[in-house]
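Participant: got a predicted structure plus its sequence, pasted below:
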Amino acid sequence: MIVRRPADPSKFNGVVLVEWVNVTSGYNLDAHWQVSREYLTRHGYAYVGVSAQRVGVQQPPYGLTAWSPNRYGTLDVTDGGAITDDSLSYDIFSQAGRAIRSQPGLLGGLKPRILIAIGVSQSATRLTPYYNSIQPLHGVYDGFLLHVGGGPFRTDIPTKLLRINTEREIVAGQASLRQPDSNIFRSWEIAGASHVDYWFMTYRQALVARDGLAPFNYQCDKQPLSHVNNKYVLNAGYAQLVDWIFRNRPPVVANPIVVTSVSPTVIPRDTNGLVFGGIRLATVEVPTATNDGANGSAGFCGLYGSHTPFPDSQVQQLYPNHQTYVDEVRAVTLQNLKDRYIVSEDADEIIDAAEDSTIGTNVPRPVP
């Protein structure tokens, strides 16, 4: 486990996010933390990342036992090689949660009020059987927030669950796994967003270079990585799930991305190539590019989505001056704040970025 907590105990908000760290890349990836680290730090969350799978613990060259044999060499999640399908991972994740509650030293003496299980992509998929089968038996966690994956979920479990998908998951066929919102389940979908976005991968790329990991291959059909920033909706998701658990105030209901067929998946688009419906951040509602969740199938391209800038002439026609662009971004962002799809500090960040941009000026746009 990796633990991050407020240095000042008075800043702790009582919430521990317990992430089933992702191992799709062949090593432990604390994806939730990397995306929302600023928000989580600002609001006093504690974070525990749990490495529960063989790839993250024992698979060379990046598993913990190979990375630091002196510290982690005795770890074994396979029962001496007898169990290699990660069947023990569910019990490991439960034991981690119980240890957080029962051993105050793990959090430096902080006393948690609630534990929320979180996971991205493959981890969200693994947390689905955990939610359906393990959580009803042992009730280790007080809530679940799953991002870009997961489902279908049982409807007879009282533990509250919020799933946040991007356009990419809908493109990939997850519209067929949609479930109606209820008093214990909410589902949000982010229009124009990709499984991993430009902002997350830019941050992650520096860490990959630092740690000597394999560089990313961006040789895709279209310019990769949607610029729709998933963190804005994720941050609102944390806030609303916590409010739901503490005060029984449910998250807002969000319109899904419009799909006209699920077999095959058919998603209508406007003249700019943008989907209809979903949670629509200013990047989509006040567009300067086509951002979407599709980009071929080579390597991880399917997860990257794409970003295709509009011609300068089109941008100039849409926003004849800088103030027009800023005013439109502000209006959309304040509406999203009112609708509770984003939090106030992120609304400020979005508007500040618009004000600092060159859109609607004679200054050429920077090449992303």
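Facilitator: Sure thing, it's come through. Residues are numbered from 1 along each chain as shown.
Participant: need phi/psi at residue 166.
Facilitator: Per-residue torsions, residue 166: phi -110, psi 180 (degrees, to the nearest 10).
Participant: that one: neighbour count?
Facilitator: 33 (other C-beta atoms under 10 Å). (Each C-beta comes from the backbone N, C-alpha and C, glycine too.)
Participant: tell me the pLDDT of the spatially closest residue to it that is not a sequence neighbour.
Facilitator: Excluding its sequence neighbours, the residue lying closest to residue 166 (C-beta to C-beta, 6 or more residues apart in numbering) is residue 193, at 3.7 Å. Residue 193 carries a pLDDT score of 98 in this model.
Participant: and for residue 367?
Facilitator: What the model reports for residue 367 is a pLDDT of 61.
Participant: may I have the helix or strand residue 303 falls within as PDB, with CA atoms only?
Facilitator: Counting by DSSP states H and E, the element that carries residue 303 is helix 301-304. The C-alpha coordinates for helix 301-304 follow below in PDB (Å, rounded to 0.1, in the frame of the first residue of the first chain):
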ATOM      1  CA  CYS A 301      -4.800   4.400 -29.500                       C
ATOM      2  CA  GLY A 302      -8.300   3.200 -28.800                       C
ATOM      3  CA  LEU A 303      -8.000   4.600 -25.300                       C
ATOM      4  CA  TYR A 304      -6.500   7.900 -26.400                       C
END
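Participant: check contacts around the residue nearest to residue 166.
Facilitator: Remark: with contacts taken as C-beta atoms under 8 Å, 6 or more residues apart in numbering, residue 193 is in contact with 166, 167, 168, 226, 228, 230, 233, 291, 293, 305.
Participant: returning to that earlier point: residues contacting the helix holding residue 303, please?
Facilitator: Residues from elsewhere that reach helix 301-304, judged by C-beta under 8 Å, 6+ apart: 121, 168, 172, 194-196, 201, 218-221, 224-226, 294-296.
Participant: where does pLDDT dip in the stretch 201-350 of the chain?
Facilitator: By pLDDT under 70, the stretch 201-350 of the chain contains no weakly predicted segment.
Participant: those helices in it, which residues are they?
Facilitator: With DSSP state H, counting those that start in this stretch as the criterion, the stretch 201-350 of the chain has helices at 230-247, 282-285, 301-304, 312-318, 322-338, 344-356.
Participant: of these, which stretch is the most buried?
Facilitator: Comparing the helices of the stretch 201-350 of the chain by mean neighbour count (mean count of other C-beta atoms under 10 Å), helix 282-285 comes out on top with a mean of 24.
Participant: tell me how the chain divides into domains.
Facilitator: 1-147, 193-368 (automatic domain parsing).
Participant: reformat those as JSON lines; add distance to residue 185.
Facilitator: Putting the domains of the chain into JSON lines (distance: least, C-beta to C-beta, whole Å) gives the following:
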{"stretch": "domain 1-147", "distance to residue 185": "10"}
{"stretch": "domain 193-368", "distance to residue 185": "10"}
